[in-house]
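*Asks:* Build me a model from this:
(one chain, ligands or ions: 1)
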Amino acid sequence: MQNDVLQHLSSNSNPSDPALPLKLAKLEARMAGKSASSCISTARHGPESSATLATGYVPVVEASAVDSDNEGDGEFLIQPNPQKRKVSESTRERTLDLYEEISDGKMITIEDFEDDSNFREESSKRRNSRGRVRGSGSRGRGVNKVHRRSPSPSYPTLANGQEDTSLKEEVAYLKSRCASLGEECDRLQQASTEYQHKYEQNEKDLKEMKEVHQQREQTRLKVVSDLLIAVAKSERQEARLRIRQDSVRIGNIGIMRAGTVMSEVWEDGQAQKDFQARLRTLMEQREAIEKERKLLKKKHTEKAEGNDVEQGIGEEEFLAKEEMYRCRLLGIKREEDAVLKDRDRYELEKARHVRELKRIRDEDGSRFNNFPILHKRYALLNLLGKGGFSEVYKAYDMIEYRYVACKLHSLNAQWSEEKKQSYIRHAIREYNIHKNLNHSNIVRLWDIFEIDHNTFCTVLEYCDGKDLDAVLKSSPILPEREARSILVQLFSGLAYLNKRSQRIIHYDLKPGNVLFDEVGVAKMTDFGLSKIVENEIGSQGMELTSQGAGTYWYLPPECFEISKTPLISSKVDVWSAGVLFFQMLYGKRPFGHEQTQERILREDTIVKANRVEFPSKPSVSAEAKDFIRRCLTYNQADRPDVLTAAQDPYLSYVKRKP
Ligand SMILES: Nc1ncnc2c1ncn2[C@@H]1O[C@H](COP(=O)(O)OP(=O)(O)OP(=O)(O)O)[C@@H](O)[C@H]1O
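*Replies:* Below you'll find the predicted structure:
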């Protein structure tokens with residue numbers, strides 16, 4: 001076989017190449033694993049000497065000699081070089097490892113190895129020492145690339161001149177393994193192509209599905225928002241229709257011009273005129289009866305005195321007529337009372353009507369009234385109300401599928417940059433306080449985002465009911481039971497604020513900042529003036545840095561201290577809760593009810609609020625009055641703090657054993 005190869009190579013060689021015999025000799029030596037010297041001698045003696053290679057010559061030469069590719073000097077005086085041998089040995093080790101790795105199926109580049117019988121031999125030895133099982137067991141491993149070339153190896157001969165059959169077997173084994181790996185590789189390649197194809201198809205499908213999903217999502221959002229907007233539009237129309245009808249009956253806000261100054265004036269509606277007409281009629285009836293009564297009395301007196309016996313009336317007739325007139329007068333009084341009651345109801349209706357008129361006017365004037373979708377998720381519906389610097393819209397969160405209240409804070413374009421920055425700082429501070437609060441009696445703050453340079457939006461839990469201010473406007477006095485229930489809820493929220501590691505003073509507890517959800521749960525809102533109690537402070541409290549802010553009817557005396565910086569604590573909220581409770585029970589505030597904010601300051605109304613006086617009506621329990629007294633304790637040091645007040649027996653529904 002060796003000779004065949006040589007002949008094959010010789011016949012394919014270029015006879016004009018003078019270096020060819022030498023190359024052949026080297027190649028021959030590599031294939032047979034023989035020494036370079038023998039191949040040199042072969043080269044020197046010409047191609048015919050190559051036959052001697054098959055005569056059982058066993059090479060005993062340095063590997064370095066075989067490795068030499070120096071073809072130029074022609075002398076081939078190869079000296080042993082121990083240094084080079086070391087390197088060659090390690091390279092050889094590595095190459096052997098690689099060879100084995102290859103035959104283990106990781107990468108097959110057979111042509112690189114088949115020429116070197118030494119590799120085969122040594123690899124075979126290693127393989128045999130590990131057992132063949134490993135080789136056959138590795139068939140399933142991945143094969144990256146297969147290069148097959150019909151091998152024409154030559155095998156080293158044994159000392160007796162026989163070819164090494166174990167090596168032959170090994171080659172045969174490797175060939176068959178190579179063939180099966182090739183088949184496996186083809187199969188895998190085919191499978192891989194199929195998978196690749198499927199993968200690409202799936203990717204395409206996924207992309208299409210995503211697009212469809214996105215389109216559907218957009219359609220869904222459009223359908224949902226269109227529906228919501230349609231409902232909101234019809235609500236708007238209804239509200240305007242109702243307000244137009246009510247305006248005829250209740251009245252309207254008109255504009256009065258005085259020179260260049262325009263001002264709003266209230267114009268009474270038909271109801272007010274009807275009340276007046278009814279009262280006038282009743283008054284005229286009363287006057288007529290009084291006149292008749294006087295005449296009756298005169299006639300009775302004259303008869304009794306004997307002056308006009310004919311015209312005068314007797315005792316019996318006088319008494320009967322007198323009783324009739326008295327009854328009639330009582331009837332007129334009853335009617336008058338009914339008209340006055342109706343008029344009181346009308347006043348409450350008028351307050352609601354004015355509120356609604358203003359809301360509609362604000363909605364018409366709002367730049368957000370065109371049902372925009374904010375932040376790609378909040379469909380703005382109708383205006384709920386307008387505060388000092390904000391508009392609150394009912395909105396629908398199309399991602400969380402719930403109604404929310406979007407509070408749109410608009411910075412006045414006329415403001416100085418400094419004022420704008422201060423407002424934003426204030427709002428961010430409020431947001432940071434509010435965002436972490438999670439209690440059933442505190443309105444949740446869900447989100448905040450910027451709309452444009454001068455506007456941002458906070459998203460709040462939507463409270464479907466009215467706020468306490470609106471409730472008290474339509475029914476100023478609440479039954480004690482209802483008022484107590486609201487108070488209990490407020491103290492539950494306040495206790496939560498004071499049990500957290502970062503305690504909070506609300507500082508602005510008033511009817512407008514108590515909202516109700518659809519089932520009537522009371523919730524505190526508006527943390528714009530809230531104070532964070534930074535660390536452990538004494539009973540005297542922390543410094544009040546924002547004196548002058550807040551609604552004076554609901555603030556305790558310490559907030560009006562002017563000789564030094566006031567020290568405040570959670571007891572501010574206890575006072576405010578006491579004022580709220582009083583107002584719910586009696587329909588008015590305990591201090592400065594009829595006064596303006598300015599007058600309260602000017603007249604030191606709260607500074608003088610040493611004692612709370614209770615009206616005689618309506619009747620309220622002694623326990624409720626005592627609780628109010630505790631909350632409205634003038635001296636801050638003697639007033640209970642939030643956690644103490646929240647534990648008060650009056651606020652507990654659990655019956656305590658005496
Ligand atoms: N979370 C909410 N859910 C339902 N209605 C709300 C909500 N927040 C506020 N409102 C309503 O929106 C209106 C305006 O609220 P806003 O808080 O701006 O009023 P304000 O307290 O009078 O203003 P400001 O805080 O600027 O003094 C009020 O009628 C209030 O009842």
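
*Asks:* burial measure for the nearest residue to Gly512 once chain neighbours are set aside, as a count.
*Replies:* Residue nearest to Gly512 in three dimensions, not counting chain neighbours: Asp469, with 4.3 Å by Cβ to Cβ, 6 or more residues apart in numbering. Using the backbone N, CA and C atoms, a C-beta is placed for each residue, glycine as well. Asp469 sits with 14 neighbouring residues when counted by other Cβ atoms under 10 Å.

*Asks:* Same check on the one 3 residues further on?
*Replies:* When neighbours are defined as other Cβ under 10 Å, Leu472 has 21 of them.

*Asks:* Just confirm it is within a helix.
*Replies:* Yes: Leu472: assigned to a helix according to DSSP: H, G, I helix; E, B strand; the rest coil.

*Asks:* Next, the contact list for it, please.
*Replies:* By Cβ atoms under 8 Å, 6 or more residues apart in numbering, the residues touching Leu472 are Leu478, Pro511, Gln583, Met584, Gly587.

*Asks:* Swap in 7 Å and give it another go.
*Replies:* Counting by Cβ atoms under 7 Å, 6 or more residues apart in numbering, Leu472 makes contact with Pro511, Gln583, Met584.

*Asks:* where does the residue nearest to Gly512 sit relative to Arg177, distance-wise?
*Replies:* Asp469 is 90 Å from Arg177, where distance means Cβ to Cβ, to the nearest Å.

*Asks:* can you check Gly493 too?
*Replies:* Gly493 is 79 Å from Arg177, by Cβ to Cβ.

*Asks:* do the same with Asp508
*Replies:* Using Cβ to Cβ, Asp508 is found at 86 Å from Arg177.

*Asks:* Show me which of the two is the more surrounded one.
*Replies:* Asp508 (22 against 19).

*Asks:* Is it correct that the more buried one is in contact with Tyr552?
*Replies:* No: Asp508 lies out of contact with Tyr552 (Cβ atoms under 7 Å); the separation is 11.3 Å.

*Asks:* in this protein, what spans have low per-residue confidence?
*Replies:* Scanning the chain for pLDDT under 70 picks out 1-163, 308-311, 535-549, 656-658.

*Asks:* Those residues of it touching the ligand, which are they?
*Replies:* 384-390, 392, 405, 443, 460-463, 467, 512, 515, 525-526 (Cβ under 6 Å from any ligand atom).

*Asks:* I only care about these that end up buried; give me the ChimeraX line for that.
*Replies:* To isolate the buried subset of the residues of the chain next to the ligand in ChimeraX, counting by 16 or more other Cβ atoms under 10 Å, use the following:
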select :384,385,386,389,390,392,405,443,460,461,462,463,467,512,515,525,526
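
*Asks:* Now intersect the residues of the chain next to the ligand with the strands, please.
*Replies:* The strands, defined by DSSP state E, take in Leu384, Gly385, Lys386, Ser390, Val392, Ala405, Leu460, Glu461, Leu515 from the residues of the chain next to the ligand.

*Asks:* ok, the residues you listed vs the ligand, which is closest?
*Replies:* Closest approach to the ligand among these (Cβ to the nearest ligand atom): Gly385, at 2.5 Å.

*Asks:* Can you verify my assumption that Lys531 contacts Tyr507?
*Replies:* Yes: with contact defined as Cβ under 7 Å, Lys531 and Tyr507 form a contacting pair (5.8 Å).

*Asks:* any idea whether the closest residue to Arg630 other than its chain neighbours is helix, strand or coil?
*Replies:* Leaving aside its chain neighbours, Arg630 sits nearest to Pro640 (5.9 Å; criterion: Cβ to Cβ, 6+ apart). Three-state assignment for Pro640 (three-state DSSP): coil.

*Asks:* count of residues packed around Pro640?
*Replies:* 17.

*Asks:* Equivalent analysis for Cys185, please.
*Replies:* Every residue meeting other Cβ under 10 Å relative to Cys185 is counted, giving 19.

*Asks:* Please report how far it lies from the ligand.
*Replies:* 69 Å (Cβ to the nearest ligand atom, to the nearest Å).

*Asks:* How about whichever residue of the chain sits closest to the ligand: what's its closest non-neighbour residue?
*Replies:* Distance from the ligand to each residue of the chain (Cβ to the nearest ligand atom) is smallest for Gly387, at 2.0 Å. Closest residue to Gly387 apart from its sequence neighbours, by Cβ to Cβ, 6+ apart: Lys407 at 8.0 Å.

*Asks:* Show me what the one you found bridges to in the sheet.
*Replies:* With DSSP bridges as the criterion, Lys407 is bridged to Val392, Thr458.

*Asks:* same deal with Arg503?
*Replies:* Residues in beta-bridge contact with Arg503 (DSSP bridges): Val533.

*Asks:* What about it, how many residues nearby?
*Replies:* 20.

*Asks:* before we move on, what about Leu227?
*Replies:* For Leu227, using other Cβ under 10 Å, the count is 12.

*Asks:* Beyond the helix or strand containing it, next helix or strand please.
*Replies:* Using DSSP states H and E, Leu227 sits within helix 165-250. Next along the chain after helix 165-250, taking DSSP H and E as the criterion, comes strand 251-258.

*Asks:* and the helix or strand following that next one, which residues are buried?
*Replies:* From strand 251-258 onward toward the C-terminus, using DSSP H and E, the following helix or strand is strand 261-268. Counting neighbours by 16+ other Cβ under 10 Å, one finds that strand 261-268 has no buried residues.

*Asks:* can you check stretch 471-478 too?
*Replies:* Buried, per 16+ other Cβ under 10 Å, within stretch 471-478: Val471, Leu472, Lys473, Ile477, Leu478.

*Asks:* closest to Ile448 among those residues?
*Replies:* Checking the buried residues of stretch 471-478 against Ile448 by Cβ to Cβ gives Val471 as the nearest, at 28.5 Å.

*Asks:* ok, Gln285 - how many residues close by?
*Replies:* Neighbours around Gln285, by other Cβ under 10 Å: 16.

*Asks:* can I assume it is in contact with Ile332?
*Replies:* Yes: assessed by Cβ under 7 Å, Gln285 is found in contact with Ile332 at 5.5 Å.

*Asks:* Confirm Asp364 sits in a strand?
*Replies:* No: Asp364: not assigned to a strand; according to three-state DSSP it is helix.

*Asks:* Backbone dihedrals for the residue of the chain closest to the ligand, please?
*Replies:* The phi/psi pair for Gly387 (degrees, to the nearest 10) reads phi -100, psi -160.

*Asks:* What are the contacting residues of stretch 446-463?
*Replies:* 374-375, 378, 394, 403-411, 413, 431, 443-445, 515-517, 523.

*Asks:* can you pull the buried residues of that stretch?
*Replies:* Buried, per 16+ other Cβ under 10 Å, within stretch 446-463: Trp446, Asp447, Ile448, Ile451, Phe456, Cys457, Thr458, Val459, Leu460, Glu461, Tyr462, Cys463.

*Asks:* Turn the residues you listed into JSON lines, columns for distance to Glu558.
*Replies:* JSON lines is the format used below for those (distance: Cβ to Cβ, whole Å):
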{"residue": "Trp446", "distance to Glu558": "35"}
{"residue": "Asp447", "distance to Glu558": "36"}
{"residue": "Ile448", "distance to Glu558": "33"}
{"residue": "Ile451", "distance to Glu558": "39"}
{"residue": "Phe456", "distance to Glu558": "34"}
{"residue": "Cys457", "distance to Glu558": "35"}
{"residue": "Thr458", "distance to Glu558": "30"}
{"residue": "Val459", "distance to Glu558": "35"}
{"residue": "Leu460", "distance to Glu558": "30"}
{"residue": "Glu461", "distance to Glu558": "32"}
{"residue": "Tyr462", "distance to Glu558": "36"}
{"residue": "Cys463", "distance to Glu558": "31"}
